[in-house]
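Enquirer: need coordinates for the following:
(2 chains)
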There are 2 protein chains.
Amino acid sequence: MVDSCHKCEACTHGLEQYCRERPTLIYDSIDRHDKMRTFGGYSEKIIVTEKFVLRIPDGLDLKGAAPLLCAGITTWSPLRHWRAREGTNVGVIGLGGLGHMALKLAKGLGANVTLFSRSPGKEQDARRLGADNIVICTDTEQMASVNSKFDLIIDTVPYTHYINQYLPSLSLNGTLVFVGLLGNLEPTLNTVPLILGRRSVSGSAIGGIAETQELFDFCGEHGITADIEMIKIQDINEAYKRMLKSDVKYRFVIDMESLKTTGEK
Amino acid sequence: MVDSCHKCEACTHGLEQYCRERPTLIYDSIDRHDKMRTFGGYSEKIIVTEKFVLRIPDGLDLKGAAPLLCAGITTWSPLRHWRAREGTNVGVIGLGGLGHMALKLAKGLGANVTLFSRSPGKEQDARRLGADNIVICTDTEQMASVNSKFDLIIDTVPYTHYINQYLPSLSLNGTLVFVGLLGNLEPTLNTVPLILGRRSVSGSAIGGIAETQELFDFCGEHGITADIEMIKIQDINEAYKRMLKSDVKYRFVIDMESLKTTGEK
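Expert: Residues are numbered from 1 along each chain as shown, chains lettered A, B, ... in the order given. Modelled structure (predicted):
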């Protein structure tokens, strides 16, 4: 985000991402002042409202810090809002850009972290990133073994998927938070596990500015960055194709230096 | 409820309704001790674990107090859990047995209370029961006028219905709680309003024993009972037919004295 209304209840409570008049996003928004379209990371220079400037701690690798502004804060905000800490059981659905940050940050906060995955092949990587356990969600025995376990499940999957199977693994008063899927749940939600355990499903969008600074400071202290692969701007179409095949661990970062050599390749 | 396991986390936190081993319900459960089926309000005598005995305050009309044990506590528990009080905006969907108690109790707690209804015909009754406002949910202008308003919406409708229309009327961090519908949401839930306002959908079942006593005490202080129509057991089939047509304001109560005269009619 580069701006918001600064006046609504959300903005005055450090929740600019929920601005009643919608925040000005760094990419593909219309700027509140000059009415021009924002171009995000493809820009050479970005004009930001002073309040929206963030400080990256010394020593934090810049290219690994870049995705903290999206995948990082999007998982950090629900972890903090739902108070993940030592003793909290956190589940993470999906191991992509968001999921790998959720594992790192939940672990950094001291929580017990479990990755739900469809394939056992991700176990080694998940453990390296911070997962204490892996549960194969197609294995009914494994799913039954985590019944009522999780205080918080962060669902990072960006496409529609079967969520009813995860609800019984929420604890009494537990919450499953969507951070990836913007759209209809198919198949539909069943209310029974909600009613029989006062469980909730919720959603969360990026994070506020103060919260984002908090994340940077936390990552500086704990040496946490995203696992990234740096590419040249010239290779962006290839990177896009690989992203569609989930062939990225776990975020592409464009080296802006390569912009200067456009046309040379 | 007449019993529960007494040992699980829910039971030891006064949330017997969420007992990990399921509470023994007063109706159509298998008793933990004698393994016999429970018959609820159709019984002449009921054996209850001592902890599950409740005290009805002096002066509270007994026939109007009876539904507090179901419609009353089912709406009281979410009102209390989500902290409805003076200044809270509470929405209620549906005006039946549960809905009419939700209006009375939310109003009793000092909240600003709105009934969502499909038909304007319910306005007078809703206001008498405690509603400050009525919003006709098929009127898009009226619905737009309550955008982001409600901290809590209690959805009492027991059959599947279109819930996505209500989600934008939840405030930032607001929650819609299902207390009536046990089943699939049709049409399905859309996650966008959840994500764009950290809104939640949740569920709630009756209430714990301490909470039920709290409700009775509150109703004793505020003179709140259910609006009921007392019937004889002999008229139960007729009452059942009327209930299916929503022709009851707002709960039938069976006069157990009439049991003694069975066969005389």
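Enquirer: please make it C-alpha for all contacts and neighbour counts, starting now.
Expert: Noted.
Enquirer: could you check how far the closest residue to A:I195 other than its chain neighbours is from B:P168?
Expert: Excluding the flanking residues, the one nearest A:I195 by C-alpha to C-alpha, 6 or more residues apart in numbering or on different chains is B:G203, at 3.8 Å. B:G203 sits 18 Å away from B:P168, going by C-alpha to C-alpha, to the nearest Å.
Enquirer: for the stretch 151-265 of chain A, what spans make up the helices?
Expert: Taking DSSP state H, counting those that start in this stretch, the helices of the stretch 151-265 of chain A run over residues A:192-195, A:209-222, A:236-244.
Enquirer: got JSON lines for the ones you listed, with distance to B:G108, mean neighbour count and mean pLDDT too?
Expert: Output for those, formatted as JSON lines (distance: least, C-alpha to C-alpha, whole Å; neighbours: other C-alpha atoms under 10 Å in any protein chain shown; pLDDT from 0 to 100):
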{"stretch": "helix A:192-195", "distance to B:G108": "24", "mean neighbour count": "24", "mean pLDDT": "98"}
{"stretch": "helix A:209-222", "distance to B:G108": "37", "mean neighbour count": "19", "mean pLDDT": "98"}
{"stretch": "helix A:236-244", "distance to B:G108": "55", "mean neighbour count": "13", "mean pLDDT": "95"}
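Enquirer: ok, A:I233 touching A:L259?
Expert: Yes - counting by C-alpha atoms under 8 Å, A:I233 does reach A:L259; the two are 6.1 Å apart.
Enquirer: of the two, give the one with the bigger neighbour count.
Expert: Using other C-alpha atoms under 10 Å in any protein chain shown as the criterion, A:I233 and A:L259 rank with A:I233 on top: 19 against 15.
Enquirer: which ones are touching the more buried one?
Expert: A:254-256, A:258-259, A:262 (C-alpha atoms under 8 Å, 6 or more residues apart in numbering or on different chains).
Enquirer: same question for A:M101.
Expert: Here A:M101 is in contact with A:71-72, A:75, A:226 (C-alpha under 8 Å, 6+ apart).
Enquirer: the residue nearest to A:I195: neighbour count?
Expert: 27.
Enquirer: now A:K104
Expert: Neighbour tally, A:K104, other C-alpha under 10 Å: 25.
Enquirer: what's the spacing between the nearest residue to A:D58 once chain neighbours are set aside and chain B?
Expert: Leaving aside its chain neighbours, A:D58 sits nearest to A:G220 (7.4 Å; criterion: C-alpha to C-alpha, 6+ apart). According to C-alpha to the nearest C-alpha, to the nearest Å, A:G220 and chain B sit 27 Å apart.
Enquirer: again with A:I154
Expert: Taking C-alpha to the nearest C-alpha, one finds A:I154 at 12 Å from chain B.
Enquirer: next, the contact list for that residue, please.
Expert: By C-alpha under 8 Å, 6+ apart, the neighbours of A:I154 are A:75, A:78, A:90-93, A:102, A:176-179.
Enquirer: where does the prediction get shaky in the stretch 51-200 of chain A?
Expert: Within the stretch 51-200 of chain A, not a single segment meets pLDDT under 70.
Enquirer: what about stretch A:197-217, distance to the chain center?
Expert: The chain centre lies 9 Å from the centre of stretch A:197-217; the measure is C-alpha atoms, centre = their mean, to the nearest Å.
Enquirer: ok, stretch A:81-90 next?
Expert: That offset, for stretch A:81-90, works out to 16 Å (C-alpha atoms, centre = their mean).
Enquirer: what does stretch A:46-61 give?
Expert: Taking mean C-alpha positions (C-alpha atoms, centre = their mean), stretch A:46-61 and its chain are 19 Å apart.
Enquirer: got the buried residues for that stretch?
Expert: Under the neighbour-count criterion of 16 or more other C-alpha atoms under 10 Å in any protein chain shown, stretch A:46-61 has A:52, A:56-57, A:60 buried.
Enquirer: in TSV: the residues you listed, plus secondary structure and distance to chain B.
Expert: Output for the buried residues of stretch A:46-61, formatted as TSV (DSSP: H, G, I helix; E, B strand; the rest coil; distance: C-alpha to the nearest C-alpha, whole Å):
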residue	secondary structure	distance to chain B
A:F52	helix	19
A:I56	coil	27
A:P57	coil	29
A:L60	coil	30
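Enquirer: longest strand of chain A?
Expert: strand A:170-178 (DSSP state E).
Enquirer: touching it from outside, list them.
Expert: Contacts of strand A:170-178 (C-alpha under 8 Å, 6+ apart): A:78, A:147-156, A:167, A:197-204, B:10, B:18, B:191, B:195.
Enquirer: show me just the buried residues among those.
Expert: Judged by 16+ other C-alpha under 10 Å, buried ones among those: A:78, A:148-156, A:167, A:197-204, B:10, B:18, B:191, B:195.
Enquirer: who's in contact with whichever residue of the stretch 1-150 of chain A sits closest to chain B?
Expert: Taking C-alpha to the nearest C-alpha as the measure, the stretch 1-150 of chain A has A:Y18 as its residue closest to chain B, at 5.9 Å. Listed by C-alpha under 8 Å, 6+ apart, the contact set of A:Y18 reads A:10-11, A:205, B:172, B:196-197.
Enquirer: ok, the residues you listed vs A:P67, which is closest?
Expert: For those, the closest approach to A:P67 (C-alpha to C-alpha) belongs to A:A205, at 14.8 Å.
Enquirer: residues contacting the closest residue to that closest one other than its chain neighbours?
Expert: Nearest non-adjacent residue to A:A205, counting by C-alpha to C-alpha, 6+ apart: B:I195, 5.5 Å away. Contact analysis of B:I195 by C-alpha under 8 Å, 6+ apart lists A:178-179, A:182, A:202-205.
Enquirer: go through the residues you listed and flag which are in strands.
Expert: A:178, A:202-203.
Enquirer: okay, the residues you listed in a markdown table with distance to A:I209 next?
Expert: Below are the ones in strands among the contacts of B:I195 laid out as a markdown table (distance: C-alpha to C-alpha, whole Å):
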| residue | distance to A:I209 |
| --- | --- |
| A:F178 | 20 |
| A:S202 | 21 |
| A:G203 | 18 |
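Enquirer: let me know the closest of the residues you listed to A:S117.
Expert: Looking across the ones in strands among the contacts of B:I195 and measuring by C-alpha to C-alpha, the closest to A:S117 is A:F178, at 16.0 Å.
Enquirer: neighbours of the closest one, how many?
Expert: 26.
Enquirer: beta partners for it?
Expert: Beta-bridge partners recorded for A:F178 (DSSP bridges): A:D155, A:G203.
Enquirer: ok, now how distant is it from B:N184?
Expert: 19 Å.
Enquirer: how about the residues of the stretch 101-250 of chain A near chain B?
Expert: Within the stretch 101-250 of chain A, the residues that sit near chain B (C-alpha under 8 Å from any C-alpha of the partner chain) are A:172, A:178-179, A:181-192, A:194-205.
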